[in-house]
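# This is the structure alone, sequence omitted:
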């Protein structure tokens, strides 16, 4: 994969036994993917690991040297299985003290709600030394950023609030634009000519996605590039190729393109 | 993480730019997770990588030595961006010839549907040397198994049909049973005593999951173990702990437990 100098990349580590057991269906991967694409950040890799110290440290260490940004979700709550802060502190070789700002934020919320302060809840104020807090609008328990690693909650509504809070602090990359061309023929019909067009336009990434479970065979061809002129040029050729395939197969083109 | 001798483990590699760009929401992780749990297989890790040769080879090589089984989804269609078979052949250091059985299966289907045989479609008959086919009820294009790696389609309905076809060929591990205890208090209220019970029952894995977005604060405590007697014993203590927390907080227990 070529990486131009102004490419901004990211890796995501999703932490939680409940995802790997199938008990919880993850929605944070999709939310992070959309978030990155909107900012022009290329999400290159996702890893889902269990609530296991070695597994978390290994995954975070593997991706943090490789991408501009790393995001993690999950494992920052008040219970014994929430060990993400411990794992990040270990990965960075720093201490994990109670952060007084985080503690004050939590205690303010707890006073409002009449919630008892206890040892379990105070776990949420433990922040690796040198980290910045990620304050969010939903939960009083903050995430944190240390180095290029952004540690967020696993609960989707809180995770999304943290992403929103982070957005202004992240540098975006070149925006990638996309064009979708719909074909009323199968992938195998357009596969050959599409491959040749891909060779002609290496800077326009072409993907092909079969659409299952409908009345007729459909294929969506998605072209992506940061160069709008080249993208439009390639799209024109792909549209012509698809029109020819429709004519050859004697089928009507799809209603919308 | 301790690994008893009869533990059967798995890793999943999800292949596809469309997942990382956010264009497609993955549902194969959840389906594979449930499938594994039903068979008593512990899904330990998931990686999502792009349609990139080096990325696929690296991910597959990293997990195939580590777990009993590896599953992959995506990238086995007829277009140029479908390079999973190439990557697996490279990872195993074998050739990628047209498999005559696969070709015959595809050509039979194509004759029935009046589909043209072309170079792009024949890509789907390329199977690494020494691999077994994974035939499925939905698509004539087979997946394949080589070593401990099971290569499946990315289209969810086909992927699930391939999992079903695979099930009889996989050895299951010890079945893990689970008990869920619902608490009408926050995670922070039960976190301390739950952590102490976890220490008392290291063989019963205890997870805590906050329930957001409802009228009242709720926490689900999930206990998992392959030892039913220990699981029930631990669950009895967790229920008593939760009942005490309800009494102390002066709240009604949830309707169902």
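That came through fine. Quick caveat, the model's predicted, so the values are computed rather than measured.

# near chain B, which residues of the stretch 151-257 of chain A?
A:155, A:157-158, A:178, A:186-192, A:194-195, A:198, A:205-210, A:212-213, A:222, A:224 (Cβ under 8 Å from any Cβ of the partner chain). For every residue, glycine as well, the C-beta is placed using N, CA and C.

# Could you look up the SS state of whichever residue of the stretch 151-257 of chain A sits closest to chain B?
Nearest residue of the stretch 151-257 of chain A to chain B: residue A:191, at 2.8 Å (Cβ to the nearest Cβ). With DSSP: H, G, I helix; E, B strand; the rest coil as the basis, residue A:191 sits in helix.

# Count the neighbours of whichever residue of the stretch 1-150 of chain A sits closest to chain B for me.
Going by Cβ to the nearest Cβ, chain B is nearest to residue A:120 of the stretch 1-150 of chain A, at 2.8 Å. Neighbour count for residue A:120, taken as other Cβ atoms under 10 Å in any protein chain shown: 24.

# If I look at the residue of the stretch 151-257 of chain A closest to chain B, what pLDDT would I see?
Here, the pLDDT recorded for residue A:191 equals 92.

# got a list of what it touches?
With Cβ atoms under 8 Å, 6 or more residues apart in numbering or on different chains as the criterion, the residues that contact residue A:191 are A:208, B:77, B:78, B:79, B:80, B:118, B:119, B:120, B:121, B:123.

# quick one, what contacts residue A:32?
Here residue A:32 is in contact with A:10, A:12, A:43, A:46, A:71, A:73, A:163 (Cβ under 8 Å, 6+ apart).

# for chain A, which helix is longest?
Secondary structure assigned by DSSP state H gives helix A:228-249 as the longest helix of chain A.

# In that one, which residues are buried?
A:231, A:234, A:235, A:237, A:238, A:239, A:241, A:242, A:245, A:246, A:249 (16 or more other Cβ atoms under 10 Å in any protein chain shown).

# Show me what that helix is packed against.
Using 3 or more Cβ pairs under 8 Å, 6 or more residues apart in numbering or on different chains; DSSP states H and E as the contact definition, the elements that helix A:228-249 packs against are strand A:177-183, helix A:187-200, strand A:218-225.

# Could I get the average pLDDT for stretch A:48-58?
Taken as a whole, stretch A:48-58 has a mean pLDDT of 97.

# returning to that earlier point: output the helices and strands packed on helix A:228-249 in TSV; the columns should cover distance to residue B:145.
As requested, these are exported to TSV (distance: least, Cβ to Cβ, whole Å):
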stretch	distance to residue B:145
strand A:177-183	32
helix A:187-200	23
strand A:218-225	28
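
# between these, which one is nearest to residue B:88?
Distances from residue B:88 to each of those were compared by Cβ to Cβ, and the smallest falls on helix A:187-200, at 19.4 Å.

# angle of the closest one against helix A:228-249?
Using axes from the mean of the first three to the mean of the last three Cα atoms, to 10 degrees, the inter-axis angle of helix A:187-200 relative to helix A:228-249 is 150 degrees.

# After helix A:187-200, which helix or strand is next? Please name it.
Tracing the chain C-terminally past helix A:187-200 and defining elements by DSSP states H and E, one meets strand A:205-211 next.

# Partner strands of that following strand, with direction?
Within its sheet, strand A:205-211 is paired with strand A:218-225 (antiparallel), according to DSSP bridges.
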